[in-house]
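Q: generate a structure from the sequence data that follows.
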Amino acid sequence: MDRSQVLKVGALAALGIGVGAIVFLARPASKHGTDEPGGPADSAPAVAPGVPAAPRTPEQCEQCEQQQCPVLVQDCQSQECKDALACFKKTKCAADEDHLFICYCGDIDKTACFSGPDQPKGACKQALEVAAKTTKPLEVGQRFFDRETPFPSGQAMQLAACLMRNCAGCP
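A: Numbers count the residues shown, from 1 in each chain. A predicted model of the protein is given here:
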């Protein structure tokens, strides 16, 4: 982290913004000091500082979970949450956090899946319905990121999204 990044983090901390909950991702500049296409900045993995670029062992993933997503790990204590998260990890149904809905919907269009005539057929459909405490697709979708109510599906989805953002290769 260069001096300007440290100053920005320090300024945020002085303002009372929870720096511990914010992950700052710094892209390295290319050999020419710019972010031109094809340079190292474009190929840099999006991981938090100090996190291995691609954790592959369960131990590395667990360590990353604890370091990068401690509140969400603590939230995900119910068996329903653990089962949904285990399904995400086992099936690798989503390439990134923006596509977690595929774990529920499968190859069906998102709108048709949650509010249309098509029935969800994703790899984690059953685990997500149990965790959402409903089989109604629209309600499952509404509870995807609701960890406050709490719904185990929301807790699992938030933890999976955190892992995808901060722990490359996990889940």
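Q: which ones are touching Lys125?
A: Cys103, Tyr104, Gly106 (C-beta atoms under 8 Å, 6 or more residues apart in numbering). To be clear about C-beta, it is placed using only N, CA and C from the backbone, and glycine gets the same treatment.
Q: distance of the last one relative to Ala94?
A: In this case it means Gly106. 11 Å (C-beta to C-beta, to the nearest Å).
Q: circling back to that earlier point, closest to Glu148 among the contacts of Lys125?
A: Nearest to Glu148 among the contacts of Lys125 is Tyr104, at 20.0 Å by C-beta to C-beta.
Q: please, which helix or strand holds that closest one?
A: helix 102-105 (DSSP states H and E).
Q: on that earlier part again, Ala160: which of the contacts of Lys125 is nearest?
A: The nearest one, if we look at these relative to Ala160 and count by C-beta to C-beta, is Cys103, at 8.2 Å.
Q: am I right that the closest one is in contact with Cys93?
A: Yes: using C-beta atoms under 8 Å, Cys103 is in contact with Cys93, at 3.9 Å.
Q: so between those two, which is more surrounded?
A: Cys103 (25 against 22; other C-beta atoms under 10 Å).
Q: so the more buried one versus Val140, what's the distance?
A: Taking C-beta to C-beta, one finds Cys103 at 11 Å from Val140.
Q: got it, and Gln126?
A: 11 Å.
Q: can you tell me the SS state at Ala156?
A: helix (DSSP: H, G, I helix; E, B strand; the rest coil).
Q: now it. Nearest residue, chain neighbours left out?
A: Ala84 (3.7 Å; C-beta to C-beta, 6 or more residues apart in numbering).
Q: okay but that neighbour is in contact with Ala131, surely?
A: Yes: between Ala84 and Ala131 there is a contact under C-beta under 8 Å: 4.4 Å.
Q: picking up where we left off before, ok, Gln126 and Val140, which is more surrounded?
A: Val140 (24 against 15).
Q: so Lys110 makes contact with Leu100?
A: No: using C-beta under 8 Å, Lys110 is not in contact with Leu100, being 10.7 Å away.
Q: looking at the two, which has the bigger crowd around it?
A: Leu100 (24 against 14).
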